[in-house]
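> Mind looking at a prediction? Sequence and model below.
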Amino acid sequence: MRIAVVGTGYVGLVTGTCLADTGNHVVGFDVDPDKIAALRAGQCPFFEPGLAELVRANQGAERLTFTTDLPEAVRHAEVIFVAVGTPPQPNGAADVSALQAAAEQIAPHITEPTILVVKSTVPVGTGDAIEQLMNTQCAHRVDVVSNPEFLKEGTAVDDFQRPDRVVIGAEDTHAAAPVKELHLPFVRNNRPILIMSRRAAELTKYAANAYLAMRISFINEIANVCDAHDIDVDQVRQGIGTDARIGFGFLYPGAGYGGSCFPKDVQALAHVAGEAGIEQDLFSVVHRINERQKRLLFERIVRKYGTELADRRFAIWGVTFKPNTDDLRQAPALTTIDLLLSAGAEVVAHDPRGMDNLRHLYGQRVRCQQDAYAALDDCDALIIHTEWNEFRSPDFDEIRRRLKQPIIFDGRNLYAADTMRRAGFEYHSIGRPPVSLAR
């Protein structure tokens with residue numbers, strides 16, 4: 001099938017590349033000439049395991065090309081995927097102006113009946129508005145289909161190629177059929193393709209992310225109760241997670257969630273409910289709990305050292321919002337860094353993939369260190385914010401040797417209390433009794 005993907009950001013590039021990998025001919029469009037030049041050279045604009053190799057392989061097979069020429073991309077396509085950003089506005093509503101602009105720019109170049117597939121996460125009813133816009137400006141019929149993505153950064157290629165389910169929202173079977181056909185190669189393991197109304201598909205994406213965010217905020221609230229009563233949250237988590245009705249997914253306490261999806265989608269769903277006149281508290285509370293949780297490690301540092309931190313230096317391991325990505329959007333580590341800098345502390349940071357983006361954000365205000373252990377030198381404590389695999393079994397003797405004092409503030413509960421006790425650390429984690437230095 002001939003496909004155009006408008007927007008070569010995270011979702012668009014993964015979508016186009018994976019569709020090319022099953023034999024389709026895909027043209028990726030973007031307005032950023034530097035990004036397109038890099039992609040043509042086989043370079044991904046962000047880190048995602050396995051994606052760069054897949055891009056180069058499909059370019060070599062002449063199934064995947066990139067352009068800044070929108071008319072060229074549109075004329076090529078039977079199906080057009082639109083994957084542009086819908087960032088949050090100050091009131092929490094999703095900003096769909098980029099999607100509307102893309103539709104207006106696409107419309108004049110439609111030369112045959114076309115399927116326009118919206119991959120962007122959008123409020124309920126957006127597809128209706130886009131379809132109306134397209135069909136008032138196009139000489140040929142345009143059917144708008146909602147096909148929300150459920151990709152996790154760090155495993156996006158595998159998520160696309162082996163989905164739990166595919167959701168297609170369309171108002172008639174004619175529009176849904178080619179989108180279903182494109183996804184059939186990825187559901188040979190009998191995962192379902194769910195055909196539903198366009199509005200139901202739009203809401204499904206918000207509902208899924210809000211539910212997962214709610215589970216994280218729930219276990220973080222339980223962890224805070226555990227802190228107050230000297231209880232180990234891991235024991236409670238085992239007690240509820242083994243209930244078949246609950247399970248363990250997204251029940252891991254920590255210093256809050258981040259990324260480009262959960263924070264904005266929870267707020268957007270709250271706004272959608274409010275716009276419909278529905279009195280709701282849950283979505284707003286989930287977001288509020290998370291914002292409060294992001295301050296937790298800093299508050300523990302203040303409890304330990306006081307509010308004046310001008311003579312203190314702290315090492316941070318992990319600044320991306322999760323492992324296996326270079327994405328810092330809404331990362332909890334940034335909250336800790338901002339609060340430490342405001343209190344006068346010096347910050348030395350290490351992350352396997354996030355250093356370039358951190359330098360772009362902070363410049364010289366944060367010292368970036370490529371070596372994890374060198375980042376510890378002359379620091380008062382180590383703060384862990386991202387659960388990269390290489391942090392799970394470090395050389396504790398080396399950590400203790402380099403730090404001024406053997407103190408760790410762990411926002412991801414990477415280490416067992418007994419391990420920390422034997423290694424001679426003061427250890428502060430989430431929802432578990434602290435480990436004190438032996439006297």
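That came through fine. Residues are numbered from 1 along each chain as shown.
> mind listing the helices for the stretch 301-439 of the chain?
332-342, 355-362, 396-402, 417-423 (DSSP state H, counting those that start in this stretch).
> Now do the longest one, average pLDDT.
Confidence for helix 332-342, expressed as mean pLDDT, is 98.
> Point me to the residue sitting closest to the centre of the protein.
residue 259 (3.7 Å; Cα atoms, centre = their mean).
> Contacts only, for the residue lying closest to that one once chain neighbours are set aside.
Closest residue to residue 259 apart from its sequence neighbours, by Cβ to Cβ, 6 or more residues apart in numbering: residue 321 at 4.5 Å. Just so you know, the C-beta spots here come from the backbone N, C-alpha and C atoms, and that holds for glycine as well. By Cβ atoms under 8 Å, 6 or more residues apart in numbering, the residues touching residue 321 are 153, 257-259, 327-333, 386.
> just the buried members of those residues?
Buried subset of these (neighbour count, 16 or more other Cβ atoms under 10 Å): 153, 257-259, 327-333, 386.
> Let me have those residues in JSON lines, extended by distance to residue 174.
Formatted as JSON lines, those follow (distance: Cβ to Cβ, whole Å):
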{"residue": "153", "distance to residue 174": "34"}
{"residue": "257", "distance to residue 174": "39"}
{"residue": "258", "distance to residue 174": "40"}
{"residue": "259", "distance to residue 174": "36"}
{"residue": "327", "distance to residue 174": "37"}
{"residue": "328", "distance to residue 174": "42"}
{"residue": "329", "distance to residue 174": "37"}
{"residue": "330", "distance to residue 174": "39"}
{"residue": "331", "distance to residue 174": "43"}
{"residue": "332", "distance to residue 174": "45"}
{"residue": "333", "distance to residue 174": "48"}
{"residue": "386", "distance to residue 174": "46"}
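> which one among those residues gets closest to residue 36?
Lowest distance from residue 36 to the buried ones among the contacts of residue 321 (Cβ to Cβ) belongs to residue 327, with 20.6 Å.
> So what's the residue count around residue 290?
Residues lying near residue 290 (other Cβ atoms under 10 Å) number 23.
> any idea whether the residue nearest to the centre of the chain is helix, strand or coil?
Look at residue 259: counting by DSSP: H, G, I helix; E, B strand; the rest coil, its state is coil.
> returning to that earlier point: looking at the helices of the stretch 301-439 of the chain, which is nearest to residue 137?
Closest among those, using Cβ to Cβ: helix 355-362, at 38.2 Å.
> What average pLDDT does stretch 375-390 get?
Stretch 375-390 comes out at a mean pLDDT of 98.
> Okay, now it: how far is its last residue from its first?
Start-to-end span of stretch 375-390 (Cα to Cα, to the nearest Å) is 15 Å.
> Ok, stretch 42-53 next?
8 Å.
> show me the biggest helix of the protein in terms of residues.
For the chain, the longest helix by residue count, based on DSSP state H, is helix 198-229.
> got the contact list for residue 108?
Counted by Cβ under 8 Å, 6+ apart, residue 108 has contacts residue 137.
> re the thing from before, is the residue nearest to the centre of the chain in contact with residue 329, as I believe?
Yes. Counting by Cβ atoms under 8 Å, residue 259 does reach residue 329; the two are 6.0 Å apart.
> Against residue 151, how distant is residue 158?
9 Å (Cβ to Cβ, to the nearest Å).
> which of those two has more neighbours?
Neighbour comparison, residue 158 and residue 151: the larger count goes to residue 151, with 21 against 14 (by other Cβ under 10 Å).
> Residue 435 versus residue 293, what's the distance?
21 Å.
> ends of stretch 247-265, how far apart?
23 Å.
> how about that stretch: buried residues?
For stretch 247-265, by 16+ other Cβ under 10 Å, it's 251-265.
> Lowest pLDDT pick from those residues?
Where pLDDT dips furthest among the buried residues of stretch 247-265: residue 260, at 90.
> who's in contact with the nearest residue to that residue once chain neighbours are set aside?
Excluding its sequence neighbours, the residue lying closest to residue 260 (Cβ to Cβ, 6+ apart) is residue 329, at 4.8 Å. Residues in contact with residue 329, defined by Cβ under 8 Å, 6+ apart, are 258-260, 321.
> Domain-wise, how is the chain divided?
2-196, 206-292, 294-428 (automatic domain parsing).
> average pLDDT across the first one?
The pLDDT scores in domain 2-196 average 96.
> burial count for residue 311?
Applying other Cβ under 10 Å, I find that residue 311 has 10 neighbouring residues.
> ah, wrong one, I meant residue 359
15.
> And residue 434, by the same measure?
15.
> Which pLDDT value goes with it?
97.
> and it, what does it touch?
Contact analysis of residue 434 by Cβ under 8 Å, 6+ apart lists 426-428.
> And those, which is closest to residue 84?
residue 428 (41.6 Å).
> I'd like to check which residues are in contact with that closest one.
Applying Cβ under 8 Å, 6+ apart, the residues contacting residue 428 are 300, 304, 407-410, 434.
> for the residues you listed, which one is nearest residue 162?
Scanning the contacts of residue 428 for proximity to residue 162, where the rule is Cβ to Cβ, the winner is residue 410, at 31.9 Å.
> thinking that closest one is in contact with residue 384, fair?
Yes. Contact criterion Cβ under 8 Å: residue 410 and residue 384 qualify, at 4.7 Å.
> the helices in the stretch 1-150 of the chain, which residues?
Using DSSP H, counting those that start in this stretch, helices in the stretch 1-150 of the chain cover 10-20, 33-40, 51-60, 70-76, 97-106, 126-137.
> can you redo the ones you listed as CSV with mean neighbour count and distance to residue 317?
Output for these, formatted as CSV (neighbours: other Cβ atoms under 10 Å; distance: least, Cβ to Cβ, whole Å):
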stretch, mean neighbour count, distance to residue 317
helix 10-20, 26, 24
helix 33-40, 16, 29
helix 51-60, 18, 25
helix 70-76, 18, 42
helix 97-106, 18, 35
helix 126-137, 18, 40
